[in-house]
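**Q** The following block contains a protein sequence and its predicted model.
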Amino acid sequence: MASDLFTIGASGIRAARAALDITAQNIANASTEGYVRRSVELSELSTAGGYNRISDISLSGVRVDGIARNADAFRQGEVRRTGSDAARAGAELAGLESAEAALEQSKLYPALTGFEASLQRLASDPVDPALRAAVLEDARTLTRTFAIAAQGLDEAANGLRFEAQDGTAQVNLLAGELARTNVQLIRTRPGTSDQATLLDQRDSLLDRLSEFTGVSATFNANQTVEVRLGGSAGPLLVSGANTASFAMTTAADGTIGFTLDGNPVALPAGSLAGKAQALVSLRDTRTSLDGLADALISAANGAQANGTALDGTPGPPLFSGSGAAGITVALSSGSAIATAPAGAPAGSRDIAGLNALRGALDSADIAGGTSGLIFSVSSAAAGRRVTSDALDAIAGSARIALEARSGVDLEQEAVNLVRFQQAFQASGRAIQVASDVFDTLLALK
Amino acid sequence: MTTISTSAFYERSTRAIADLRAQAGALQTAIGTGNRLARSSDDPVAAAQLRRMARAEAFAAVDKGAASRASTDLTLADNALSEFAGQITRARELAVQAANGTLSPAQRGAIGTEIRQIGAELLSLANARDSAGHALFGGNGPGSAYTVDAAGNPVYAGTASAGELPLGDGLNVTRGVTGPEFLNFSASGGPTTLFAAIKGLADALQGAAADPAQAARAALGTLDAGLEAVTTTQTVVGTRLAWIDLVSERRTEAGELRAEQQAEVGGADLAETMTRLQQTMTVLEASQASFARLSSLTLFDLLR
């Protein structure tokens, strides 16, 4: 059979149309998140000759083999891995920064300095009711700033737990979506635009999942994915159509852990891991803050008990309660501050008791402890910021590398438009020629 | 073939410009606040130093108030001591007059009355108040320094020593003198008080002594000893005032050093920060301009 010029031209037109469609699709999705550039795979269509017609010309044009998706599995894996690390560092940094802000913005250290300065001022005239009232008010300010700092830390921890709870729900949601995508992928033929769309969806779901937890993904021959939490030896989260149930557990001290189908699982990366780490830091900071408040209470009350108040009686406790959130001023009047030593008469201006109180605060080193606490939190935040910046830059360049490889280049698409338009016109020309040839044959007399 | 996808180009440009903007923002904050550090974690060590210095500054302000109060009280004590000296001198002049053997008993009696009056004034001087209204010579005790007993004799009611006032950095000053420190002294006849000496002289001149002129002559030595005790105490007070000045000077110098260190540790060097901001802005403008140029370059414009 002779080659059919009409059929060849028509197949060329079909191929050029398909390529133009793909080009337009690429241009339209140039800025779509997770879209991977598509291209048309063409192959020559020629029938093998029949019996006794081996060397005959039997060409049938071109056919669209399939739609290729220019994905780069290695770089996608890198984006997931580095993105997980950056998300973990970012979440931990955010937690530490909120701890730092709670300690700094409560102005705990200035309030403590104010209280001690007020005590020192009282030394110049220990029986002055105004100076005594000032000490009491500064003590009240100090207890309130303790409460504000404690509340700030608690709020930050609550916020982190809430976000982690939400993240846990997101992980389950994304795992469910991935399982559904797996099911659809099994039913889809390779090389179709349907499959390309599903693969885009699969990769972008994996991407979003890796923001929350570190995952390792294994791709099967049928393009379905197996997702494990953590490293490649971690427990299975998604396998085919099945998902394991991921859950968060909250300990009594406010720190969080995670379970998969009831078994505890350690997350090495992802924002959930970062939040868990930040909660541990917040708990430690809160414990230290409580320790400082308790040290203040015992130092002040101990010195008070050994001194004499203005009316000649032994000094009652200055603070009551316990912990940063519970500390309150117990005295109702400034005259009960024990400025005089034990056994002094009423109205004594002897400041030995006051000096003992200041000495007790000094040797308990509450100011030093507070400064040290702020220092340890802020230097941890400074260190994590360096790590986070570095991981962010790494994740950013991995993403850019992936996009450079599998993203849409508008210039190239513009060239493709012209090229496929020309191909379309040329195939049309071939049909024109076929028509002319046919007319010539018909015109034979 | 290496292609640069459009989204990679935009992503890279966005990152670069956002980085520059963040840098410019941080520099602008530094210029606006004058502080290099917006939060402790910007430089934890410097922040801890700044906290320590702010604390020292708060205490220095209190110490300054304490020093000025101690200075005022000691000056008041000094003035009162001068008046004591004046009264003792006056009593001594009267004693010299009374020692004259030609005076009649009535004249001596009149001198005795005047001396008794001096004794009363000395008592009110001894009960002088300090700037806060407390007994100037009563030590740490409440109420007046001297009370009068049933026999009409002044009795010291204060504490044995005046309290010490902290002036900062572990330095203290004794903030006053107690009455017995200068009103009790030893004369030829053993330890006595100024009040007893004055009262004894007045009594003697008003007929208690067989030989009033001799008693007045004997009182001269006692009064001299009393005057010496007062002037010695004045010297002590003057030395304490000088000590407070010295400590204050030291505190001022330490404050200046601290301010310098604060500026060095936490302050933003304006010239340097402005220059760096200018540099950042130049780069930012250049990258914005090149971004605008590059992003407007598209093949679609050229294809007709």
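**A** Structure's in. What do you need?

**Q** For stretch B:275-284, which residues meet the burial criterion?
**A** B:R276, B:L277, B:T280, B:L284 (16 or more other Cβ atoms under 10 Å in any protein chain shown). (Each C-beta comes from the backbone N, C-alpha and C, glycine too.)

**Q** let me redo that: stretch A:38-47
**A** Going by 16+ other Cβ under 10 Å, stretch A:38-47 has these buried residues: A:R38, A:V40, A:L42, A:L45.

**Q** Report the contact partners of the first one.
**A** Residues in contact with A:R38 (Cβ atoms under 8 Å, 6 or more residues apart in numbering or on different chains) are A:I22, A:Q25, A:N26, A:I67, A:A68, A:R69, A:N70, A:S193, A:A196.

**Q** do the same with A:V329
**A** Contact partners of A:V329, counting by Cβ under 8 Å, 6+ apart, are A:L136, A:A139, A:R140, A:T143, A:L318, A:F319, A:S320.

**Q** quick one: which of the residues you listed is nearest chain B?
**A** Minimum distance to chain B across the contacts of A:V329 is 15.6 Å, recorded for A:A139 (Cβ to the nearest Cβ).

**Q** Could I get the phi/psi values of the nearest residue to that closest one once chain neighbours are set aside?
**A** Nearest residue to A:A139, sequence neighbours excluded (Cβ to Cβ, 6 or more residues apart in numbering or on different chains): A:V329, at 5.0 Å. Backbone torsions of A:V329, given as degrees, to the nearest 10, read phi -80, psi 130.

**Q** any idea how far B:E57 is from the spatially closest residue to B:G168 that is not a sequence neighbour?
**A** Spatially, and ignoring its direct neighbours in sequence, B:G168 is nearest to B:D63 (3.4 Å; Cβ to Cβ, 6+ apart). According to Cβ to Cβ, to the nearest Å, B:D63 stands 10 Å off from B:E57.

**Q** same question, B:A8
**A** Distance of B:A8 to B:E57, given as Cβ to Cβ: 53 Å.

**Q** What of A:V215?
**A** 53 Å.

**Q** Comparing those two, which shows the higher neighbour count?
**A** Between A:V215 and B:E57, counted using other Cβ atoms under 10 Å in any protein chain shown, A:V215 has the larger neighbour count: 29 against 16.

**Q** is that one in a bridge, and if so with what?
**A** A:L229 (DSSP bridges).

**Q** can I assume A:D72 is in contact with A:A404?
**A** No - assessed by Cβ atoms under 8 Å, A:D72 is found out of contact with A:A404, at 9.6 Å.

**Q** what's the next secondary structure element after the longest helix anywhere in chain A?
**A** Longest helix in chain A by number of residues (criterion: DSSP state H): helix A:129-186. Later in the chain than helix A:129-186, the nearest helix or strand by DSSP states H and E is helix A:193-212.

**Q** What helix or strand is the most centrally placed residue in chain B located in?
**A** When Cα atoms, centre = their mean is applied to chain B, the residue found nearest the centroid is B:A67 (1.4 Å). Element membership of B:A67 [criterion: DSSP H and E] is helix B:44-98.

**Q** what's the nearest residue to A:F219 if we skip its chain neighbours?
**A** Sequence neighbours aside, A:V225 is the residue nearest to A:F219 in space, at 5.6 Å (criterion: Cβ to Cβ, 6+ apart).

**Q** so where do the helices sit in chain B?
**A** All helices of chain B, identified by DSSP H, fall at B:6-33, B:44-98, B:105-126, B:179-183, B:194-203, B:212-266, B:270-296, B:299-302.

**Q** any chance of the ones you listed in TSV, with distance to A:T168 and mean pLDDT too?
**A** Formatted as TSV, the helices of chain B follow (distance: least, Cβ to Cβ, whole Å; pLDDT from 0 to 100):
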stretch	distance to A:T168	mean pLDDT
helix B:6-33	30	87
helix B:44-98	33	90
helix B:105-126	81	89
helix B:179-183	78	87
helix B:194-203	88	88
helix B:212-266	42	89
helix B:270-296	40	90
helix B:299-302	46	78
